[in-house]
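**Q** sharing a model prediction with you, sequence too.
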Amino acid sequence: MSGQAIIDGLAAGIDPFDLMAGLPDCVVVTDGHGTVRWINDQVTDVLGFAPDDVLGTSVFDVAHPAQQHDAVQSFTTTATSPGSYPPIEMLIRDLRGNYHYFDVRARTLQRGTESLIVFVARPTHERDALQRRHRLYFEEAPAALGSVVPAQRGVDANGPMAQLFGHTREAMLSMDGMQLLHPDDRSDSQGELAALETNGQQRVGAERRFLKADGSTFYGRVVTTTVRTPVGALERLLFTIADVTPEREARELLARSEARFRALVEHSPDIVAILRADGDWEASQQGTRLLGYPKGFDPPGGALSLVHPDDAERAAEALAAIFAGRRSPGEPLELRLRAADGDYREFECIGQNLDGEPSVSGVVITARDITQRRAAERALGQAESRFRATFERAPMVISMVDASGCIIDINPTGCRLLGRTRGELLGTPAEATVHPEDRELAIDATLRQLGGEQLRAEFRIVRADGTEWWALSSAVQVDSDDPYFLTLQVDITAQKRLEEELRVRATHDPLTGVRNRAAVVDHLELLLARRVAEPVTVMFVDLDGFKAVNDALGHSAGDAVLTGVAQRIESCLRPEDVVARIGGDEFVVVCATLDSPDTAQRLGVRVREAIAAPVTFGNTSVHVDASIGIARSTPSDDTAGLLKRADAAAYRAKSNGRGRVELATIVDESRVASMKPRQP
């Protein structure tokens, strides 16, 4: 029996379930809301769904996401306009997550007092045949092929693909495709797939690291291609992977080998030269580069002509001793050699007699440039004297601390800023000068600095008289025969005061001193993120009659009223509650733990009554009132939504006569998008 025959039988009044039970097409019966009430055996045979899988679910769940909108529209038309309609072509998902093309007809069915919708779906065999052929190509392909459906688990892999990863094909059907990628490569791959979905690209290729079932990794060259529905929606991603690990390892090995060779040639710190008995010589490229001579340079007077005149006799004697075998190969000789710019550089030279080696026929000399080392040694004494002068005169605290944490030396600035003499401080634990509340932080920061971390350590120092100052501290370890720590502290008290002032300005209203909009939004977001058991209460306070005060008495009076209102609101609140001015005459109160709507209502009334009391400005007494809206958070609320609901409740309070306190209701939720600006 055809689907059209079923539709005709229904119209003739034949019992529908007798007609549909043996139908070769897939039949689904839903209620007027699209909830599945009954399926025939073909739904199980063709799509794999048992009745328990789908009864009570929405029939639109199996429609392809790109066609769900059209399916809902068709369903609505059928439900509201009895009659039979031409079939529509739909992509329907089976139990495994694959989509198939069906021709779907729908008609309303009145069963007693209940209206039902009958869907009759017939598979398009031509596409199924084409899919079978494609499946055969997929299965028999020698390359590793796979496919995934976006936003669904399951990798449909052919044999070579499963073998490549060491999984069974059945196991891969329940895996997330991203599990196959190395964690460090997943972000890049997700970006490429997003480009395929959103930019309409058809193909993308990349080289990525993949994980095998045994936890090992390999490099694969992956090419991903999109398969789209007739309406252009992304239906499936096809991909092929080729193992390129050997090729990758060969490239990396070659690159490392070349890098090592370049390092040996280009970065050797020594000159390597062969000096022959006749005065001829050959030097490495580094040797000529260190001295500034071109490669292959041959000094007119021979190699020894480059030796400083004061060192020439020692050089000649040492060379003769090496040729005669009287000098140990490891015995160094320090000489000064003339560079191309005419200056002399100091070298430590070691000679090895290989005159008997035909390939060498001379003395191999290794000369290490020690010019900087000798200069450093000469400068060390000068540096020590400069350090002592710096230590004594530096405008910051400089102290030396031994391994036990006690001060072994401190400069005059340190004594002055700590209010103690040097004798009083020597042997004192350095942590004793730190404010007790900051000691743990100071010790941790110092240890991390000594460990090599670059971090900013700020803590309070206590003087002998009990006063405090803020220090920016750093510490380094000085290696010597008796290692010690060098600590430096700069007085940043003025900077900290400025930072605190700027912080207050950034988070508080400059007129009233209460928090500003940005600060209260941050506070509310933090409370909602914690999702405590008790709801968060937001009170939106909109002043009534403020504009009249401002217009009649001027902005000074208006500012005084606003400041007084802020103080009165604060006087009604608990220490943990927060009040903020978010607009000209608008305030918001956030309470984290009010136990009930009644408690919130009572607090709102108390706030309104406090605001409504007369405000004295000079010899003038003015009166303003407030319309207050209160909203309590639900698990689904975000910051913007909660504020809007409270705002809408305040709008309703103002509309109902002003000077009122209203709790947010469903009416306020529907009014949020359409409410008009309120008049002051």
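**A** Received, thanks.
**Q** only C-alpha atoms from now on, for both contacts and neighbour counts.
**A** OK.
**Q** and Tyr484, its phi and psi?
**A** phi -150, psi 170 (degrees, to the nearest 10).
**Q** so how many other residues sit close to the residue nearest to it when sequence neighbours are not counted?
**A** Once flanking residues are discounted, Tyr484 sits nearest to Asp402: 4.7 Å by Cα to Cα, 6 or more residues apart in numbering. Neighbourhood size, Asp402 [other Cα atoms under 10 Å]: 19.
**Q** report the separation between Asp402 and Val462.
**A** Computed with Cα to Cα, to the nearest Å, the distance linking Asp402 and Val462 is 21 Å.
**Q** now do Gly356
**A** 76 Å.
**Q** could I get the contacting residues of Met90?
**A** Going by Cα atoms under 8 Å, 6 or more residues apart in numbering, Met90 touches 63-64, 67, 101-104.
**Q** what about it, which SS state?
**A** Here Met90 is recorded as strand under DSSP: H, G, I helix; E, B strand; the rest coil.
**Q** now swap in Glu357 and tell me
**A** coil.
**Q** ok, Asn353 touching Gly330?
**A** No. Using Cα atoms under 8 Å, Asn353 is not in contact with Gly330; the gap is 11.1 Å.
**Q** more neighbours: which of the two?
**A** Asn353 (24 against 10).
**Q** secondary structure class for Ala442?
**A** helix.
**Q** doesn't Ala457 make contact with it?
**A** Yes. Using Cα under 8 Å, Ala442 is in contact with Ala457, at 7.0 Å.
**Q** returning to what we had before: going by distance to Glu197, which of the contacts of Met90 wins?
**A** His64 (15.2 Å; Cα to Cα).
**Q** residues touching the closest one, list them.
**A** Neighbours of His64 in contact, by Cα under 8 Å, 6+ apart: 90-93, 99.
**Q** are any of those buried, and which?
**A** The neighbour count (16 or more other Cα atoms under 10 Å) marks 90-93, 99 as buried among the contacts of His64.
**Q** point out where the stretch 551-680 of the chain drops to low pLDDT.
**A** The model of the stretch 551-680 of the chain has pLDDT under 70 over residues 667-680.
**Q** can you give me the helices for it?
**A** Applying DSSP state H, counting those that start in this stretch to the stretch 551-680 of the chain gives helices spanning 555-571, 597-612, 639-655, 666-671.
**Q** run through who's touching the helix or strand harbouring Ala529.
**A** Using DSSP states H and E, Ala529 falls within helix 517-530. With Cα under 8 Å, 6+ apart as the test, helix 517-530 has contacts from 507-508, 536, 578-583, 588, 590, 592, 637-639.
**Q** check these and tell me the two furthest apart.
**A** The farthest-apart pair in the contacts of helix 517-530, when distances are taken by Cα to Cα, is His508 and Asp637, at 25.3 Å.
**Q** circling back: which of the contacts of Met90 fall in strands?
**A** Among the contacts of Met90, the members found in strands (DSSP state E) are 101-104.
**Q** any chance of these in JSON lines, plus pLDDT, distance to Ala653 and neighbour count?
**A** Shown next, in JSON lines, are those (pLDDT from 0 to 100; distance: Cα to Cα, whole Å; neighbours: other Cα atoms under 10 Å):
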{"residue": "Tyr101", "pLDDT": "86", "distance to Ala653": "56", "neighbour count": "18"}
{"residue": "Phe102", "pLDDT": "87", "distance to Ala653": "56", "neighbour count": "22"}
{"residue": "Asp103", "pLDDT": "85", "distance to Ala653": "56", "neighbour count": "16"}
{"residue": "Val104", "pLDDT": "87", "distance to Ala653": "53", "neighbour count": "23"}
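**Q** and which of those residues is nearest Met175?
**A** Tyr101 (25.2 Å).
**Q** so the closest one bridges to which residues?
**A** Beta-bridge partners for Tyr101, by DSSP bridges, are Leu91.
**Q** surely the residue nearest to Tyr484 meets Phe485?
**A** Yes. With contacts defined as Cα under 8 Å, Asp402 counts as touching Phe485 at a distance of 6.2 Å.
**Q** let's check: the centremost residue of the chain is which one?
**A** Compute the mean C-alpha point of the chain, and by Cα atoms, centre = their mean the closest residue is Ser187, 11.3 Å away.
**Q** what residue in this structure is the furthest from its centre?
**A** Most peripheral residue of the chain (Cα atoms, centre = their mean): Ala324, 70.0 Å.
**Q** next one: the helix holding Ala529 to chain centre, how far?
**A** 21 Å (Cα atoms, centre = their mean, to the nearest Å).
**Q** any buried residues in that helix, and which?
**A** 517, 519-521, 524, 527-528.
**Q** go on, stretch 476-491?
**A** Applying 16+ other Cα under 10 Å to stretch 476-491 flags 476-477, 484-491 as buried.
**Q** ok, now stretch 601-616?
**A** 601, 603-612, 615.
**Q** and Lys496, what does it touch?
**A** Trp470.
**Q** quick check: pLDDT value at it.
**A** Lys496 is assigned 81 on the pLDDT scale.
**Q** likewise for Ile410?
**A** 91.
**Q** before we move on, what about Gln382?
**A** Residue-level pLDDT assigned to Gln382 equals 77.
**Q** just say helix, strand or coil for Thr512.
**A** coil.
**Q** how many other residues sit next to the spatially closest residue to it that is not a sequence neighbour?
**A** Nearest residue to Thr512 in three dimensions, chain neighbours excluded: Thr563, at 4.6 Å (Cα to Cα, 6+ apart). Neighbour count of Thr563, defined by other Cα under 10 Å: 15.
**Q** so how far is Gly232 from Thr563?
**A** For Thr563 relative to Gly232 (Cα to Cα), the value is 60 Å.
**Q** Provide a list of residues in contact with the closest residue to Ala442 other than its chain neighbours.
**A** Spatial nearest neighbour of Ala442, excluding adjacent residues (Cα to Cα, 6+ apart): Phe459 at 6.5 Å. Going by Cα under 8 Å, 6+ apart, Phe459 touches 434-435, 438, 441-442, 470-473.
**Q** and Phe459, what element?
**A** Here Phe459 is assigned to strand 457-462, by DSSP H and E.
**Q** return that strand as CSV; C-alpha atoms alone will do.
**A** Provided in CSV are the C-alpha atoms of strand 457-462 (Å, rounded to 0.1, in the frame of the first residue of the first chain):
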residue,chain,number,x,y,z
ALA,A,457,57.1,42.0,44.7
GLU,A,458,55.4,44.7,46.7
PHE,A,459,54.9,44.7,50.4
ARG,A,460,54.9,46.9,53.5
ILE,A,461,57.9,47.7,55.6
VAL,A,462,57.6,48.7,59.2
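**Q** how far does it sit from the chain's center?
**A** 32 Å.
**Q** what of stretch 564-579?
**A** On Cα atoms, centre = their mean, the centre of stretch 564-579 falls 38 Å from the chain's centre.
**Q** list the buried residues of that stretch.
**A** Buried, per 16+ other Cα under 10 Å, within stretch 564-579: 564-570, 573, 578-579.
**Q** check stretch 298-311 too.
**A** Buried, per 16+ other Cα under 10 Å, within stretch 298-311: 303-304, 306-308.
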